[in-house]
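> Starting from these lines, generate the structure:
(one chain, ligands or ions: 1)
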Amino acid sequence: MASLLKEQPSMSTLLAAYASLSAMAMLIRTILNEMIPKPVQKYIKSKLSDLISNYLSSNFTFIIEERWQAVYNETFRAIEVYLPTRIGPSTDKLLLGSNDHNNPTAPPKRNIPSDCKIIDEFEGITLEWTLHVRESDKYYIPDKKCYHLTCKKRVREMVEQRYFPHIVKMAQTILSKREKLNIYTYNQDRCRWESAVFKHPARFETLAMEPELKQFIMEDLDSFAARKDFFKNVGRAWKRGYLLFGPPGTGKSSLVAAIANYMSYNVYDLQFQSVRNDADLRRILISTTNRSILLIEDIDCSTKISQDHAKVKDDREKEGEDGKLGRTSPVDSGATLSGLLNFIDGLWSSCGNERIIIFTTNHKEKLDPALLRPGRMDVHIPMGYCTPAGFRKLATTYLGIKDDKLFGSIDDLIKNIEVTPAEVAQQLMVRSDDPKAALQCFTEFLNMKKVKVGEDVIQKEEPKDENEKDDGKQSRKHDESESGSIYLT
Ligand SMILES: Nc1ncnc2c1ncn2[C@@H]1O[C@H](COP(=O)(O)OP(=O)(O)OP(=O)(O)O)[C@@H](O)[C@H]1O
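Sure, this is the predicted structure:
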């Protein structure tokens, strides 16, 4: 004991040792401060603090970003759907809003604001979620969003294996129960699809079309939805392409809406002309979701799709020589037909499942033959002028009547005059409160149209020169090509 006491350092020795250690630490710090550049110091500090907190903390954080390897992250999408359903009493703030123009008095939807904590429970374990948003300093780059999920380190494995699959399953159930469909349009400035509630009243029952054609389309859709395994077994992407063609006002857009309602699919409405280039097109297309319709309307209006590809190349080269296009950057050169075809049936077609692609056109003859080739668009659907069956459907929808003594004469007129369902609907709507008067007005309208068509024919039969004769032939040929029947490629 006496020897132990003897070996203990005195207070002055301890103070001296402490002073020399502090001096040494200060000396080292000064040397390090002067010798090591500031960014390197910062890096070392952050690594050290990470190491210490990792060692001491019992928590683990999963980070789920909006994109995963250049495509939209499906896990992120599932969390976005699932998490708002977990908002509980412990949540201290909420985002509220609505994009349903049709029902503004309905309770608004809930969402999660950034930096707000959401607590979830799963198999007796508490999980803490936070949404982080990093604002972009450039207006054309969207803000970056990511979810952080914090749990105890010891349950990390279970969270990965069971909790995340549970979230995806729940999100699928929530989405399948959602009555509302969305229509998306691509915002080029913000590089993202933006949605609105899609509540189009068009249904197959209200469409004025030949009953056989309608039946064919519905059966085709049913068989598409039911044949997941078939597509897998034959090694094809689970997709179906429809080309709707016909004059304006024959119901192409209405048919798209009817298909969306029938299948309960969201609609991605892409303005093809606004796509900057093929890379942009690919990015846009792969960020659409499964069980959806990709709609490109008036595809003939996009010069690069409708014209022969070689001709576009030729024109470009010519313009390049003239110095017009030579200066144009590749960024605004527009997407090409081959870029689009690559997504329809090329390598990129395997991205996504259960997709319907619909192109509409008023001028099928203007389209590049590559788009019409067998196997490209699976079904070509002609949308024609109103027929007696179509008229009866519209009379039931707009006037609530199934028969009338004027129907016979209206049928005769309709068979001989090109009148679109849109024109018929417009005429019937004017006096929809009085069916008799509506049918009378409509008969007068058809008779006037008949007289006008007769006058036009007489004028056309008197061509002034050789050129006009040729034009006449052209337009007849044109009509023939448009009055096609369903075509399965
Ligand atoms: N086949 C149809 N059945 C019922 N209503 C129709 C039909 N065709 C047109 N209509 C009516 O006419 C309106 C315009 O039709 P729609 O926009 O669907 O035609 P479209 O062929 O897509 O025309 P466009 O080529 O000009 O876009 C619709 O809102 C609908 O009320």
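> Could you list the low-pLDDT ranges of the stretch 1-150 of the chain?
Residue ranges of the stretch 1-150 of the chain with pLDDT under 70: 1-8, 50, 53-57, 70, 102, 139-142.
> got the contact list for the helix or strand hosting residue 356?
Residue 356 belongs to strand 355-361 when assigned by DSSP states H and E. Strand 355-361 is touched from outside by 221, 224, 237-245, 252-253, 256, 259, 263, 265, 288, 290-300, 344, 367, 371, 377, with contacts defined as CB atoms under 8 Å, 6 or more residues apart in numbering. Heads up, the C-betas are built off the backbone N, CA and C, glycines and all.
> Just the buried ones from the residues you listed?
Buried members of the contacts of strand 355-361, scored by 16 or more other CB atoms under 10 Å, are 221, 224, 237-245, 252-253, 256, 259, 263, 265, 288, 291-300, 344, 367, 371, 377.
> Sitting in strands, which of those residues do you find?
Judged by DSSP state E, the buried ones among the contacts of strand 355-361 include 239-245, 292-296 as members of strands.
> Can you name the residues bridging to the residue nearest the centre of the chain?
Centroid check for the chain by CA atoms, centre = their mean gives residue 268 as the closest residue, at 3.4 Å. Beta-bridge partners for residue 268, by DSSP bridges, are residue 184, residue 294.
> And it, how far from residue 355?
Distance, residue 268 to residue 355, by CB to CB, to the nearest Å: 9 Å.
> shared neighbours of these two, anything?
In contact with both residue 268 and residue 355: 288, 292-294, using CB under 8 Å, 6+ apart.
> Put together JSON lines for those residues, with distance to the ligand on each row.
Formatted as JSON lines, the shared contacts of residue 268 and residue 355 follow (distance: CB to the nearest ligand atom, whole Å):
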{"residue": "288", "distance to the ligand": "21"}
{"residue": "292", "distance to the ligand": "20"}
{"residue": "293", "distance to the ligand": "14"}
{"residue": "294", "distance to the ligand": "17"}
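> got those as TSV, with pLDDT and distance to residue 394 columns?
Shown next, in TSV, are these (pLDDT from 0 to 100; distance: CB to CB, whole Å):
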residue	pLDDT	distance to residue 394
288	87	33
292	92	30
293	94	25
294	94	29
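> Among those, list the two that are farthest apart in space.
Largest separation among the shared contacts of residue 268 and residue 355 by CB to CB: 288 and 293, giving 9.3 Å.
> what sits in contact with each of those two?
With contacts taken as CB under 8 Å, 6+ apart, residue 288 and residue 293 have 268, 355 as neighbours in common.
> OK, contacts around residue 110?
So residue 110 contacts 84, 87, 94-96 (CB under 8 Å, 6+ apart).
> can you do 6 Å?
84, 87, 94 (CB atoms under 6 Å, 6 or more residues apart in numbering).
> can these go into TSV with extra columns for secondary structure?
Compiled in TSV, the contacts of residue 110 are given as follows (DSSP: H, G, I helix; E, B strand; the rest coil):
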residue	secondary structure
84	helix
87	coil
94	coil
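> hmm, which of those residues are the buried ones?
Buried members of the contacts of residue 110, scored by 16+ other CB under 10 Å, are 84, 87.
> before we move on, back to that, please convert the shared contacts of residue 268 and residue 355 to CSV, extending it with distance to residue 134.
Formatted as CSV, the shared contacts of residue 268 and residue 355 follow (distance: CB to CB, whole Å):
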residue, distance to residue 134
288, 25
292, 28
293, 33
294, 30
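> Tell me the residues of the chain that contact the ligand?
Contact residues, the chain versus the ligand (CB under 6 Å from any ligand atom): 207-209, 248-254, 362, 383, 421-422, 425.
> Next up, phi/psi of residue 98, please.
The phi and psi torsions at residue 98 (degrees, to the nearest 10) take the values phi -150, psi 140.
> can you count the residues close to it?
Here the count is done by other CB atoms under 10 Å, and residue 98 has 13 residues near it.
> Just to check, it is in contact with residue 108?
Yes: between residue 98 and residue 108 there is a contact under CB atoms under 6 Å: 4.6 Å.
> Quick one: neighbours of the closest residue to the ligand within the stretch 251-400 of the chain, just the number.
The nearest approach of the stretch 251-400 of the chain to the ligand comes at residue 251, 2.7 Å away (CB to the nearest ligand atom). The number of residues packed near residue 251 is 23, by other CB under 10 Å.
> Tell me the one of the contacts of residue 110 nearest residue 103?
Nearest to residue 103 among these: residue 84, at 18.5 Å, using CB to CB.
> contacting residues around that closest one?
So residue 84 contacts 110-111 (CB under 6 Å, 6+ apart).
> on that earlier part again, just to check, the residue of the stretch 251-400 of the chain closest to the ligand is in contact with residue 420?
No: the criterion here is CB under 6 Å, and residue 251 misses it with residue 420 at 8.2 Å.
> residue ranges of the helices in the stretch 201-350 of the chain, please?
Remark: helices assigned in the stretch 201-350 of the chain by DSSP state H, counting those that start in this stretch are 211-226, 228-233, 252-263, 278-286, 303-306, 309-321, 337-345.
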